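In: model this:
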Amino acid sequence: MGKLFGTDGVRGVANRELTPEMAFKIGRVGACLLSQKRSGNSAVFVARDTRISGPMLEGALIAGLTSAGVDVYTAGVISTPATAWLTRSHDVCGGVMISASHNAYPDNGIKFFNADGFKLADQIEEEIEELYFQHLDNLPRPEGEQIGRVFPDNEAEGRYLAYLLSTVPARLTGLRIVLDCANGAAYRLAPQSFSALGAEVIVIHNAPDGININKNCGSTYPETVSRAVRENDAHLGFSFDGDADRVLAVDETGSLVDGDALMTILAMALQEKGLLRKNTVVSTVMSNLGLDKAALRHGFNILRTKVGDRYVLEEMLAGGYNLGGEQSGHIILLDHNTTGDGVLTALQLAAVLVEKQLPLSRLASSFTRYPQVLVNCRVKASAGWETNVRIGQAMADVERKLAEAGRLLVRPSGTEPLIRVMLEGPNEDELHKMASELAEVIKGEMA
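Out: Numbering: from 1, shown residues only. Now for the predicted structure:
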């Protein structure tokens with residue numbers, strides 16, 4: 001059987017790998033499974049980002065959904081986290097976001113949410129794949145009045161905006177904030193949110209034309225918002241990605257405040273109010289060692305998962321935690337939403353600044369980034385590397401040299417014949433030397 005889903009939905013170059021025919025079939029299969037998983041209203045929310053291929057794929061997806069007898073509420077261009085919230089807030093059996101997040105405009109993707117607003121479990125994705133790759137389409141094809149209907153929901157983004165504002169405990173009056181909207185899904189939502197709370201807003205890259213999403217802007221180009229903060233003498237800036245499920249910040253000097261630093265600041269703010277559940281933050285193995293050191297200093301715990309916000313969320317749900325995320329800026333505030341939410345995170349951080357009456361540079365000083373060195377080792381195949389004696393000895397030597405002052409992570413790529421070596425510690429020159437030596441051993445043993 002082939003495979004549709006990656007770590008974050010179905011992705012591919014629109015009209016080549018992700019075709020309208022594919023979207024139609026995914027819609028049919030998804031409609032049948034989602035409506036079976038939940039009793040009640042057989043309806044689905046559908047939204048998209050600003051890519052030129054969005055309307056094409058949306059039309060095909062909606063045709064598939066309605067052909068299976070499921071009604072569709074179309075929310076138009078809104079963020080991924082808004083789609084998740086709308087899905088769980090209304091009587092529907094699921095939601096679908098059409099987006100390829102931070103990827104360039106030729107790519108697109110299809111991401112499903114269940115009725116509770118969570119990304120689909122692996123088991124349900126596997127069921128969708130099994131039905132999708134069946135030779136014959138034996139799924140229901142209702143006729144007459146049983147065919148699904150389409151209802152434009154022109155108030156969807158407004159309802160989510162109102163919800164976002166309800167989560168912020170302070171007015172943002174007096175703050176001058178630069179927002180880089182990546183010409184993406186938050187190009188209206190982000191400015192409206194901050195303006196409604198009294199901030200002085202300077203907006204860049206909020207004129208989407210279908211092909212400029214993420215182009216030299218957004219969270220993959222934080223130097224853009226950094227420059228704008230300095231030029232406008234702003235207090236801080238935020239840079240979103242194409243579907244606004246992640247955000248990076250810059251302080252008043254234009255210095256980057258990444259996801260690890262954001263989690264540190266938010267954890268300390270929640271901790272002071274007694275709201276950090278189980279005094280724990282969930283991050284991935286790629287979070288910087290500085291996050292662990294900050295947690296040790298400030299008295300909270302760090303739990304690490306595999307790379308991917310879905311694994312962070314799984315751990316949060318299993319353990320009852322309410323704050324987690326990734327270095328890349330996917331921050332999950334589970335008290336407020338079921339997925340990473342860039343605009344929500346930005347609003348909460350700005351509220352902390354107002355409450356503390358401190359600049360972001362001061363708050364971010366609670367987190368100290370350790371030098372990090374990453375080496376990719378190209379191998380014939382990665383299978384068996386964990387039990388290789390020489391590799392094990394070489395890793396033990398590195399860990400002995402690092403001791404408590406550093407960290408070693410070795411992991412195979414999920415998509416390429418690579419083994420990735422990552423070292424963190426106080427001395428970057430030493431890290432490069434140790435990483436190079438370990439890489440040579442790995443390449444020699446796995447050639």
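In: List the contacts of Ala121.
Out: By C-beta atoms under 8 Å, 6 or more residues apart in numbering, the contact list for Ala121 reads Asn114. Heads up, the C-betas are built off the backbone N, CA and C, glycines and all.
In: tell me the phi and psi of it?
Out: phi -70, psi 160 (degrees, to the nearest 10).
In: What segments of the stretch 151-300 of the chain are strands?
Out: For the stretch 151-300 of the chain, the strands defined by DSSP state E, counting those that start in this stretch occupy 176-180, 200-204, 236-240, 247-250, 256-257, 280-284.
In: packing partners for the last one?
Out: To tie it back to what came earlier, the one meant is strand 280-284. For strand 280-284, the packing partners by 3 or more C-beta pairs under 8 Å, 6 or more residues apart in numbering; DSSP states H and E come out as helix 259-272, helix 289-298, strand 301-305, helix 309-319, strand 323-325.
In: Give me the contact list for that strand.
Out: Residues contacting strand 280-284 (C-beta under 8 Å, 6+ apart): 260, 263, 267, 291, 295, 300-308, 311-312, 315-316, 319, 321, 323-327.
In: and that strand with strand 301-305, angle?
Out: If you take axes from the mean of the first three to the mean of the last three C-alpha atoms, to 10 degrees, strand 280-284 sits at 30 degrees to strand 301-305.
In: Only alpha carbons, please: show strand 280-284 as CSV.
Out: In CSV, the C-alpha atoms belonging to strand 280-284 read as follows (Å, rounded to 0.1, in the frame of the first residue of the first chain):
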residue,chain,number,x,y,z
THR,A,280,6.2,20.7,33.3
VAL,A,281,6.9,21.8,29.7
VAL,A,282,6.9,19.3,26.9
SER,A,283,9.5,19.9,24.1
THR,A,284,11.2,17.8,21.5
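In: tell me the mean pLDDT for it?
Out: Averaging pLDDT along strand 280-284 yields 97.
In: Look up which helix or strand the residue nearest to Glu386 when sequence neighbours are not counted falls in, please.
Out: Once flanking residues are discounted, Glu386 sits nearest to Gly392: 8.0 Å by C-beta to C-beta, 6 or more residues apart in numbering. Assigned by DSSP states H and E, Gly392 belongs to helix 389-402.
In: Check which residues of that helix are buried.
Out: Buried residues in helix 389-402, counted by 16 or more other C-beta atoms under 10 Å: Ile391, Ala394, Met395, Val398, Leu402.
In: which parts of the least confident helix or strand in the chain by mean pLDDT are buried?
Out: Least confident element among the helices and strands of the chain, by mean pLDDT, DSSP states H and E: helix 122-132 (a mean of 89). By neighbour count on 16+ other C-beta under 10 Å, the buried set for helix 122-132 is Ile124, Glu125, Glu127, Ile128, Glu129, Leu131, Tyr132.
In: can you tell me which two in those residues are farthest apart?
Out: Using C-beta to C-beta, the pair of these lying farthest apart is Ile124 and Tyr132, separated by 12.4 Å.
In: Check the gap between Ala383 and Leu409 for me.
Out: Per C-beta to C-beta, to the nearest Å, Ala383 is found 19 Å from Leu409.
In: who has more neighbours, these two?
Out: With neighbours defined as other C-beta atoms under 10 Å, Ala383 and Leu409 compare such that Leu409 has more, 15 against 10.
In: residues in contact with that one?
Out: Contacts of Leu409 (C-beta under 8 Å, 6+ apart): Val285, Met286, Arg420, Val421, Met422, Leu423.
In: quick one: which of the residues you listed has the most company?
Out: Of the contacts of Leu409, with other C-beta under 10 Å as the count, Leu423 tops at 28 neighbours.
In: elements contacting whatever helix or strand it lives in?
Out: Per DSSP H and E, Leu423 falls inside strand 418-424. When contacts are defined as 3+ C-beta pairs under 8 Å, 6+ apart, strand 418-424 packs onto strand 372-378, strand 407-412, helix 428-445.
In: Next, the angle strand 407-412 makes with that strand.
Out: Using the same axes, to 10 degrees: strand 418-424 against strand 407-412 is 170 degrees.
In: Given strand 418-424, what are its sheet partners and their directions?
Out: strand 372-378 (antiparallel), strand 407-412 (antiparallel) (DSSP bridges).
In: tilt between the last one and helix 428-445?
Out: With the same axes, to 10 degrees applied, the angle from strand 407-412 to helix 428-445 works out at 30 degrees.
In: Kindly report the same for the first one.
Out: Following the same axes, to 10 degrees, one obtains 20 degrees for the angle between strand 372-378 and helix 428-445.
In: So which residues make contact with strand 372-378?
Out: So strand 372-378 is contacted by 288-289, 413, 417-424, 428, 431-432, 435-436, 438-439, 442-443, 446 (C-beta under 8 Å, 6+ apart).
In: Run through who's touching the strand holding Leu423.
Out: Residues contacting strand 418-424 (C-beta under 8 Å, 6+ apart): 286, 288-289, 370-379, 382, 385, 398, 402, 406-413, 431, 434-435, 438-439, 442, 446.
In: mean confidence score for it?
Out: The predicted model assigns strand 418-424 a mean pLDDT of 93.
In: next one: stretch 230-243
Out: 98.
In: For stretch 254-264, which outside residues touch it?
Out: So stretch 254-264 is in contact with 222, 226-227, 229-230, 237, 246-251, 265, 281, 283, 287-288, 290-291, 294-295, 298, 323-331, 345, 349, 360-361, 364, 366-367, 369, going by C-beta under 8 Å, 6+ apart.
In: let's see 7 Å
Out: 222, 226-227, 229-230, 248-251, 281, 283, 287-288, 290-291, 294, 323, 325-331, 345, 349, 360-361, 364, 366-367 (C-beta atoms under 7 Å, 6 or more residues apart in numbering).
In: Please tell me I have it right and Asn108 contacts Ile52.
Out: No - look at Asn108 against Ile52 with C-beta atoms under 7 Å: they stay out of range, at 9.2 Å.
In: Which of the two has more residues huddled nearby?
Out: Shown here are Asn108 and Ile52; by other C-beta under 10 Å, Asn108 has more neighbours (28 against 16).
In: Got the domain ranges for this structure?
Out: Per automatic domain parsing, the domain ranges recorded for the chain read 10-154, 159-364, 372-445.
In: could I get those as CSV with distance to Lys3?
Out: Formatted as CSV, those follow (distance: least, C-beta to C-beta, whole Å):
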stretch, distance to Lys3
domain 10-154, 7
domain 159-364, 16
domain 372-445, 12
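In: what's around Val168, how many residues?
Out: 18.
In: before we move on, what about Asp8?
Out: 18.
In: For it, which non-adjacent residue is spatially closest?
Out: Asp8 sits nearest to Lys111 (C-beta to C-beta, 6+ apart), 6.5 Å away.
In: The helix or strand hosting that neighbour packs against which elements?
Out: Using DSSP H and E, Lys111 maps to strand 107-114. Counting contacts by 3 or more C-beta pairs under 7 Å, 6 or more residues apart in numbering; DSSP states H and E, strand 107-114 is packed against strand 10-13, helix 20-37, helix 54-67, helix 80-89, strand 94-98.
In: quick check: angle from it to helix 80-89?
Out: 20 degrees.
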